[in-house]
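>>> A predicted structure for the sequence below; I have some questions about it.
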Amino acid sequence: MTSDPTTSSVTDHFGPSGLPSPRESRLSETLVALADSLVDDFDVVDLLTMLAERCVEVLDVSAAGLMLAAPDGDLRVVAWSSDEMRLLEIFELESEEGPCLDCYRSGDPVVNQALATASVRWPRFAPAAIAAGFRSAHALPMRLRRNVIGALNLFRVNEGMLGPSDVVAAQALADVATIAILQNRASTEAQLLNDQLQHALDSRIVLEQAKGMVAEHEGIDLGESFNRLRTFARRRNFLLADVATRVVDGSLTFSEVSRG
């Protein structure tokens, strides 16, 4: 962390030997860890928890948390650097006000908001955050183009501004995490689509088998066989694929199907 809240000195980035400082090395490690998730399966909660913890390590902040939008559009707390941070984020959602919510709704950063002067903007949240020991709040959008999926919440126990380099670094971390999450979602959705397609193909094969078996046993054509299978399924509120499977494995007799 920097001693000057508004600027970063050269030694924050490079030590006397000209090598990257521990802070910059840790930031690089974090970016690499986030980038690794772009090419491998990963646990989203574990990834975001690591991100929250690393923010406290490499940025001039005291606590960090992340919220992601659920399928219904409402934000959910998914990661935090401490239990106190988790409770404050939950209160932020319950009170329906705070930096993370403003950031998510607008898609724009909320930076260097002094909590002592935020009682008008956040009449319930600001006092709660101050009572928790924080003095300033910041939030960066988790956004890719126009798609905002959540926000990164950052708090400081000291007054003063978050330095420009820290703001840039925090947004970079949020951006890489966003790309990882969206890519994972796309991959999961593609796999789900493939699974659904394969299931449909497999079900069709079984259905054709069942149609042929019923038609041969009952001495009817395939069209009539299909109608009997479908009628049986509809009257009993069964899936057609399940009825076909039972015919093929022998757990459903031909006479039962024909009776409808």
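Sure thing, it's come through.
>>> care to break this protein down by domain?
If you go by automatic domain parsing, the domain ranges for the chain are 10-185, 196-259.
>>> Lowest average pLDDT across those domains?
Mean pLDDT is lowest for domain 10-185 among the domains of the chain, at a mean of 84.
>>> With adjacent residues omitted, what lies nearest to Gln171?
Leu140 (5.0 Å; CB to CB, 6 or more residues apart in numbering). All C-beta spots, glycine's among them, are computed from the backbone N, C-alpha and C.
>>> Would you mind confirming that that neighbour makes contact with Val168?
No: when contacts are counted by CB atoms under 8 Å, Leu140 is not listed as touching Val168 (10.0 Å).
>>> And those two? Which one has more around it.
Taking neighbours as other CB atoms under 10 Å, Leu140 and Val168 compare with Leu140 leading, 26 against 11.
>>> What's the local residue count around Arg146?
Using other CB under 10 Å, Arg146 has 6 neighbouring residues.
>>> no wait, Leu87
Applying other CB under 10 Å, we find 14 residues neighbouring Leu87.
>>> Would you state the strands of the stretch 1-150 of the chain in chain order?
For the stretch 1-150 of the chain, the strands defined by DSSP state E, counting those that start in this stretch occupy 63-69, 75-80, 110-114, 136-144, 147-156.
>>> Based on its surroundings, how many neighbours for Ala190?
10.
>>> same check, this time on the one 10 residues further on
By the other CB under 10 Å criterion, the neighbourhood of Ala200 contains 11 residues.
>>> Arg230 contacts Ala241, doesn't it?
No: if you go by CB under 8 Å, Arg230 and Ala241 don't touch, sitting 11.2 Å apart.
>>> what's the most buried one of the domains of the chain?
domain 10-185 (a mean of 18; mean count of other CB atoms under 10 Å).
>>> Please state the offset of that domain from the chain centre?
Averaging C-alpha positions (CA atoms, centre = their mean, to the nearest Å) puts domain 10-185 14 Å from its chain's average.
>>> would JSON lines of the strands of the stretch 1-150 of the chain with distance to Arg185 be doable?
Output for those, formatted as JSON lines (distance: least, CB to CB, whole Å):
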{"stretch": "strand 63-69", "distance to Arg185": "11"}
{"stretch": "strand 75-80", "distance to Arg185": "14"}
{"stretch": "strand 110-114", "distance to Arg185": "25"}
{"stretch": "strand 136-144", "distance to Arg185": "11"}
{"stretch": "strand 147-156", "distance to Arg185": "9"}
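>>> Among those, single out whichever gets nearest to Val176.
Among the strands of the stretch 1-150 of the chain, the nearest to Val176 by CB to CB is strand 136-144 (10.1 Å).
>>> the inter-axis angle of the closest one versus strand 147-156?
Here strand 136-144 runs at an angle of 160 degrees relative to strand 147-156 (axes from the mean of the first three to the mean of the last three CA atoms, to 10 degrees).
>>> Given strand 136-144, what are its sheet partners and their directions?
Here strand 136-144 is paired, per DSSP bridges, with strand 110-114 (antiparallel), strand 147-156 (antiparallel).
>>> closest one to Leu162 among these?
Smallest distance to Leu162 across these (CB to CB): 5.8 Å, for strand 110-114.
>>> which residues are contacting stretch 82-91?
Contact with stretch 82-91 is made by 52, 63-65, 67, 77, 80, 100, 125, 128-129, 132-134, 153, 155, as judged by CB atoms under 8 Å, 6 or more residues apart in numbering.
>>> Show me which pair in these is furthest apart.
Among the contacts of stretch 82-91, Met67 and Gly133 lie farthest apart (CB to CB), at 20.4 Å.
>>> Please identify which helix or strand holds Gln209.
Taking DSSP states H and E as the criterion, Gln209 maps to helix 164-218.
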